[in-house]
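Engineer: fold the following for me, if possible:
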Amino acid sequence: MEYLEFAMDLARAAGEVLNYYASREKRVELKGRANLVTIADRESEALVVDRIRTAFPGHRILAEESGAIEAAETDSAYRWVIDPLDGTTNYAHQYPMYSVSIALEVSGSISCGAVYDPIRDEMFSAARGNGARLNGDAISVSDVAVLGDGLLLTGFPYRIEERIGRALGLFREMMLRAQAVRRGGSAALDLCHLAMGRCDGFWELDLNPWDTAAGLLVVEEAGGRVTRFGGEPFAIDDREILASNGRIHEDMQAAIAAARPIGT
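Structural biologist: The predicted structure is shown next:
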């Protein structure tokens, strides 16, 4: 639990950086047509990386802006996976849906993770085998058992020009089968909202390890299920994710299998 407390403290400190810049000049740069980076991303990440390297110099780090950062022990089993600002486009437009995500991977398995929403002051956390929590209180997934009664969340890939047909085909199929679908813009928060029952399922294409590392453990520890689209085991390097309360998982898989790309 020492590592989890450290991750939570880091996420909250990074959230303070985001709050500081929220109403100030953000120095927005483009990494791609719809892929932004701001001074808040960079300073939040610098704070997190510096504190990890100070506290655990033998640990490796994978961060969105800095990439892979090796340690003195290059074969270390410990790797921190960091998204200093998940939902940068939202943040740049002052749309209140973004988060900080910090996870610790040990020997290839996520050991603990924290996702902090600085707008709502909500700290989602989980340690493997110890359940999931929101601001210290235990949380669990919903009991919705029928896809037609379910609220689903999703996101669209940055490479939208290449994947728009596939993305829209999936969106259409889920819209036809679920009660409703929403697109929030922060995959880490989407997973946490699933974990506490605010929604019942989530899917997305083309995510990165830092988008899902902490959130997937929060979902699993809250009693949910996380796989690839076809039901295969999910790893954070996978580019597709399907998460649910477990009860509607097969129905979501069936919808994905039935989806056909929409032409443009």
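
Engineer: show me the contacts for the closest residue to Met252 other than its chain neighbours.
Structural biologist: Of all residues not flanking Met252 in the chain, Gly201 sits nearest, at 5.3 Å (Cβ to Cβ, 6 or more residues apart in numbering). (Glycine included, C-beta is placed from N, CA and C.) By Cβ atoms under 8 Å, 6 or more residues apart in numbering, the contact set of Gly201 is 147, 150, 152-153, 178, 194, 242-245, 248-249, 252.

Engineer: which one of these is nearest to Leu62?
Structural biologist: Ala243 (20.7 Å; Cβ to Cβ).

Engineer: for the closest one, grab phi and psi.
Structural biologist: phi -130, psi 150 (degrees, to the nearest 10).

Engineer: which residues does it contact?
Structural biologist: So Ala243 contacts 191, 194, 201-203, 216, 219, 224-227 (Cβ under 8 Å, 6+ apart).

Engineer: so what's the residue count around the nearest residue to Gly155 once chain neighbours are set aside?
Structural biologist: Nearest non-adjacent residue to Gly155, counting by Cβ to Cβ, 6+ apart: Glu204, 4.5 Å away. Other residues near Glu204 come to 23 when the count uses other Cβ atoms under 10 Å.

Engineer: you'd agree Glu204 is in a helix?
Structural biologist: No - counting by DSSP: H, G, I helix; E, B strand; the rest coil, Glu204 is not part of a helix but strand.

Engineer: and it, what is it in contact with?
Structural biologist: 154-155, 157, 187, 190, 240-241.

Engineer: partner residues bridging it?
Structural biologist: Under DSSP bridges, the beta-bridge partners of Glu204 are Ile241.

Engineer: from Arg183, how far off is it?
Structural biologist: In this view, Glu204 and Arg183 are 10 Å apart by Cβ to Cβ, to the nearest Å.

Engineer: strands along the stretch 151-264 of the chain, start to end?
Structural biologist: Under the criterion DSSP state E, counting those that start in this stretch, the stretch 151-264 of the chain carries strands at the ranges 151-154, 180-183, 201-205, 225-227, 240-244.

Engineer: still on that earlier bit, how about a markdown table for the contacts of Ala243, with pLDDT and distance to Ala259 added?
Structural biologist: Output for the contacts of Ala243, formatted as a markdown table (pLDDT from 0 to 100; distance: Cβ to Cβ, whole Å):
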| residue | pLDDT | distance to Ala259 |
| --- | --- | --- |
| Leu191 | 98 | 21 |
| Leu194 | 98 | 20 |
| Gly201 | 98 | 14 |
| Phe202 | 98 | 15 |
| Trp203 | 98 | 10 |
| Leu216 | 98 | 22 |
| Val219 | 98 | 22 |
| Gly224 | 98 | 22 |
| Arg225 | 98 | 19 |
| Val226 | 98 | 19 |
| Thr227 | 98 | 16 |
